[in-house]
Every structure is written in C-alpha cells, then in structure tokens.
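A.B. asks: attaching a predicted model along with its sequence, questions to come.
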Amino acid sequence: MPTQEQPLSATDKVQNLILDSADFEDFLNELARFSAHQMAGDGDDALCGITLLRDRKAATIGWSSDSAREVDEIQYSLSQGPCLTAAKDEREVYVPDLFEEDRWGPDYANAVASHGLRSVLSLPFNLQGEAKAALNLYSDVPHKFDGGAAARARDFTREISQALRLAVRFSLHADSASNLRATLESRTIIDIAIGIVMAQNRCSQAAAVEILTEASSNSNTKLRDIARSLVDSVGGAGAHTHYQEPGSVRPGQSA
C-alpha cells in the first residue's frame, strides 16, 4: 500500500519559497502572503508586513498586499508603533483593539483604524545580530490574535526565523558586494581621470587631484561624475576636454 505523505511543516514550506523565488524581494513578498494566510484562520482576511531595522532605518521589506505596506509605513512616518517596538525591543506587542489603544498617541491608532483595521500583533524575529525584524499582522476583527491565535503566531515566527535570517544574511552580503563593486568602479574611473589630467597639463598627481576636486566643487558635481565625463569625452569622441590647474590660462585666452 502507498504510504500517505506527511504534510509539510512551515519551515519546509518557507524553504520551498526560497528555492522557488526569483530574488530576495520576491521571496519576502511570498513569505508575507504565506504568513497572512497561515495566521488568518476561520476564513477571515489578514494583512501581513515584515519590518527590517538596519543602520537605524526601518522599512517594510515584504508585504502581503499594498494595504499591508501602507499601514506599516504609518509607523515609520510617526517613528513609533507596535512593529517598531517589537523589532527594536525584540518583544511581542499586541493591540487587541485600535479603538481602545493609546500607547503611541491617538495619531497612530486613528490612522491605522482608518484602513478598516481593529487589531495588530507584532512579533520579533530572532535574527541573531544580523539585523532586527518583526512580523506584523493586522485584522479587521478586534481581539483577533487573542489566545490560540497568538500562540500559533509565536510558533510560526520561531519556525521561520532561521529561513529569514539566512535570507537577510544573503541580502546583506549581496548589498556589500554590490557596494564594493560600485566603489571599485568609481575609484578606477577617478584614477583614469587623474592620469588624463596629468597628461594634458603635464602636472603632478597631487595637482591633477586638485584640478578635478576644484572642477567638482565649482560645478557642484560629484567627483566621480566629473571623472566619468572626462574619461568618456577623451575615450569616446576623442575630444580633449582640458581641466586646468587653478590659476592657469588656456591658450588663446587673456589673463
């Protein structure tokens, strides 16, 4: 007789999401939708957002719908709210009924309630120092996350914390690699531009740096953009854009 397949755990399902997602952003949105579905229960609808705190900045990095992202962003505009508290303090925060909530002042509760929502549950992820994050659940039913619903949400958050930690770690490394590539590319362009100025003006490296820096300052343009413009003009069209030493005079010009 064929054996009956065991249902997949939340961890297994999230791992499948990682494998099936096109990129980090796609995975996080799928995770938010999956979380909303898992937590809704009883045929009710629920919204879910995932807040990430990094470099003192907060952002919703995954959302089950545009409405979920909008209500998360209310907290960022006010710099306070349950998901920020949950992520920063790494503790669970529950709002049984927004009509009776005043911990973050009336602005927060009124703004979220205006979206037709009544209860909020924010639970921290255990990312072990990579960053801080929280799962934010919203419902149009007051006291939606009482008792058993909250317990299920805690278990679910614990189960998927490792998968999210791995995803965030991968994203941080990818960002670092991208930033490093951009820095190296920028540095290379500047070095080439310095060489061009040295050849054009028959000056020292220090003088060439001063010429480019002054050109950047006078035109209110970033140094790398000035450098790229010079390199493109010389290497592309063959024009001789001539950056002069401070105080020097071009041929044909009067002092």
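C.D. replies: That came through, no problem. Numbers count the residues shown, from 1 in each chain.
A.B. asks: could you give the mean pLDDT of the helix or strand hosting G148?
C.D. replies: Taking DSSP states H and E as the criterion, G148 maps to helix 147-201. Averaging pLDDT along helix 147-201 gives 76.
A.B. asks: ok, stretch 219-227 next?
C.D. replies: On average, stretch 219-227 scores 83.
A.B. asks: straight-line length of that stretch, end to end?
C.D. replies: In stretch 219-227, first residue to last residue: 13 Å (Cα to Cα, to the nearest Å).
A.B. asks: tell me which residues in that stretch are buried?
C.D. replies: L223, R224, I226, A227 (16 or more other Cβ atoms under 10 Å). (C-beta placed from N, C-alpha, C; glycine too.)
A.B. asks: ok, so of these, who is nearest G62?
C.D. replies: R224 (32.9 Å; Cβ to Cβ).
A.B. asks: correct me, but that closest one touches I189?
C.D. replies: Yes: in this structure R224 lies within contact range of I189 using Cβ atoms under 8 Å: 5.9 Å.
A.B. asks: what's the first helix or strand after the helix holding G148?
C.D. replies: helix 205-219.
A.B. asks: and that next one, which residues are buried?
C.D. replies: Neighbour-count burial for helix 205-219, with 16+ other Cβ under 10 Å as criterion, is recorded at A207, A208, V209, I211, L212, A215, S216.
A.B. asks: try stretch 127-143
C.D. replies: Neighbour-count burial for stretch 127-143 [16+ other Cβ under 10 Å]: L127, E130, A131, K132, A133, A134, L135, N136, L137, Y138, S139.
A.B. asks: where in the stretch 1-150 of the chain is pLDDT low?
C.D. replies: By pLDDT under 70, the low-scoring segments of the stretch 1-150 of the chain are 1-25, 40-45, 130.
A.B. asks: just the helices in it please.
C.D. replies: All helices of the stretch 1-150 of the chain, identified by DSSP state H, counting those that start in this stretch, fall at 10-20, 24-40, 66-78, 82-89, 105-113, 147-201.
A.B. asks: can I get those helices in a markdown table with mean neighbour count and distance to C48?
C.D. replies: Listed next are those as a markdown table, based on neighbours: other Cβ atoms under 10 Å; distance: least, Cβ to Cβ, whole Å:
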| stretch | mean neighbour count | distance to C48 |
| --- | --- | --- |
| helix 10-20 | 15 | 13 |
| helix 24-40 | 20 | 4 |
| helix 66-78 | 18 | 6 |
| helix 82-89 | 22 | 11 |
| helix 105-113 | 16 | 14 |
| helix 147-201 | 15 | 10 |
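A.B. asks: relative to S233, which of those helices is closest?
C.D. replies: Closest to S233 of the helices of the stretch 1-150 of the chain is helix 147-201 (Cβ to Cβ; 9.3 Å).
A.B. asks: state the distance from L135 to N201.
C.D. replies: Distance of L135 to N201, computed by Cβ to Cβ, to the nearest Å: 59 Å.
A.B. asks: I meant T188, not that one.
C.D. replies: 21 Å.
A.B. asks: same check, this time on L31
C.D. replies: Distance of L31 to N201, given as Cβ to Cβ: 56 Å.
A.B. asks: list the contacts of S64.
C.D. replies: Taking Cβ atoms under 8 Å, 6 or more residues apart in numbering as the contact definition, S64 lies against N29, A32, R33, S35, A36, A46, L47, C48, G49.
A.B. asks: ok, now how distant is it from A199?
C.D. replies: Remark: distance between S64 and A199 (Cβ to Cβ) = 58 Å.
A.B. asks: ok, so of the buried residues of helix 205-219, who is nearest T157?
C.D. replies: Closest to T157 out of those is S216 (48.7 Å), distances taken as Cβ to Cβ.
A.B. asks: so what's the closest one up against?
C.D. replies: K222, L223, I226.
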